[in-house]
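Q: what follows is a predicted protein model with its sequence.
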Amino acid sequence: MKEQTPTPHIGAQYEDIAKTVIMAGDPLRAKLMAERFLTDAVQVNSVRNMLAFTGMYNGKRITVMGHGMGIPSIGIYTYELYNFYDVETIIRVGSCGARQMYVHLGDIVIAQGACTDSNYAEQYNLPGHYSCIADFDLCRRAVDACEKMGYTYHVGNVFSADVFYSKDPRKNNWTKMGVLADEMEAPALYMNAARAGKRALVICTVSDHILTGEATTAEQRQNTFTQMMDVAFSLI
């Protein structure tokens, strides 16, 4: 849909965005990925400081971009990327909070599915509850990459909330259902991908532990969570 670009939220021209986009909530993490992985990177978006860069990785054209915090924010950006820029694949790399004792700080969580308390799916007028799942091929290859690189990983459900500072004690019941970790974006990405007939995967690094209270610093989250990036770029 070239005629609908640039969009109100993405100032890039249609041809500025690659068909594969790796996204992070923090725009500075997108900048870090551009510096670490891309050659000949060019900044293609700065609207609302949601930085995006397009460059080359192993001979392939890639865009890295921020998506902000929460389901509404990633919902806007990924909808526009899929439907207006004709992006085929979006991989989110981000942080998450562990919900199981066997999941530790720094571990990788591959979100095979995403539970949520968001009403994002209401727009589709479905006669039931939608199961948000990742693209199987991307998920399988991410597991293979973790095995090859020797990274500690877990595959399964995450829980994605609309509220960060929740006062609802029922939230802890997600732990009893085997949910690995909490994050805040996967369902919107997975639903947008499904609706558009595109591909998506969420790969997270554990930044804090909900059960033990352990936590990393903001600087650590911005600069040292590179293993999940290695995995994401191996899928290109």
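A: Sure, I can see it. Residues are numbered from 1 along each chain as shown.
Q: nearest residue to the middle of the protein?
A: Centroid-nearest residue in the chain, with Cα atoms, centre = their mean: residue 92, separated by 2.2 Å.
Q: and it, what element?
A: Element membership for residue 92, per DSSP states H and E: strand 89-98.
Q: tell me which other helices or strands that strand touches.
A: Applying 3 or more Cβ pairs under 8 Å, 6 or more residues apart in numbering; DSSP states H and E, one finds that strand 89-98 contacts strand 20-24, helix 71-83, strand 181-183, helix 186-196, strand 199-209, helix 227-234. Glycine gets a C-beta too; all of them are placed from N, C-alpha and C.
Q: ok, back up a step: report the contact partners of the residue nearest to the centre of the chain.
A: Under the criterion of Cβ atoms under 8 Å, 6 or more residues apart in numbering, the neighbours of residue 92 are 22-25, 67, 74, 185-186, 189, 200-203.
Q: mind running it again at 10 Å?
A: Residue 92 makes contacts with 21-25, 67, 74, 78, 111, 183, 185-186, 189-190, 200-204, 228, 232, as judged by Cβ atoms under 10 Å, 6 or more residues apart in numbering.
Q: could you find the closest non-adjacent residue to residue 46?
A: residue 11 (6.8 Å; Cβ to Cβ, 6 or more residues apart in numbering).
Q: could you check the pLDDT of that neighbour?
A: What the model reports for residue 11 is a pLDDT of 98.
Q: so it sits right up against residue 47, yeah?
A: Yes - assessed by Cβ atoms under 10 Å, residue 11 is found in contact with residue 47 at 4.4 Å.
Q: ok, now how distant is residue 184 from residue 87?
A: For residue 184, the distance to residue 87 equals 21 Å [Cβ to Cβ, to the nearest Å].
Q: if you count surrounding residues, which of the two has more?
A: Between residue 184 and residue 87, residue 184 has the larger neighbour count (other Cβ atoms under 10 Å), namely 27 against 22.
Q: list the beta-bridge partners for residue 114.
A: Here residue 114 sits in beta bridges with residue 132, residue 158, going by DSSP bridges.
Q: residue 174 is in contact with that one, correct?
A: No - taking contacts as Cβ under 10 Å, residue 114 lies outside contact range of residue 174: 11.3 Å.
Q: residues shared between the contacts of these two?
A: 157, 158, 159.
Q: pretty sure the first one sits against residue 181.
A: By that I understand residue 157. Yes - proximity of residue 157 to residue 181 meets the contact threshold set by Cβ under 10 Å, at 8.9 Å.
Q: looking at these two, which has the bigger crowd around it?
A: Neighbours per residue, other Cβ under 10 Å: of residue 157 and residue 181, the larger number sits with residue 181, 29 against 22.
Q: which residues touch the residue nearest to that one when sequence neighbours are not counted?
A: Of all residues not flanking residue 181 in the chain, residue 96 sits nearest, at 3.9 Å (Cβ to Cβ, 6+ apart). Taking Cβ under 10 Å, 6+ apart as the criterion, residue 96 is in contact with 103, 107-109, 111, 158-160, 180-186, 202-208, 210, 228.
Q: ok, now with 6 Å
A: Going by Cβ atoms under 6 Å, 6 or more residues apart in numbering, residue 96 touches 109, 181, 183, 204, 206.
Q: please consider this matter closed, and thank you.
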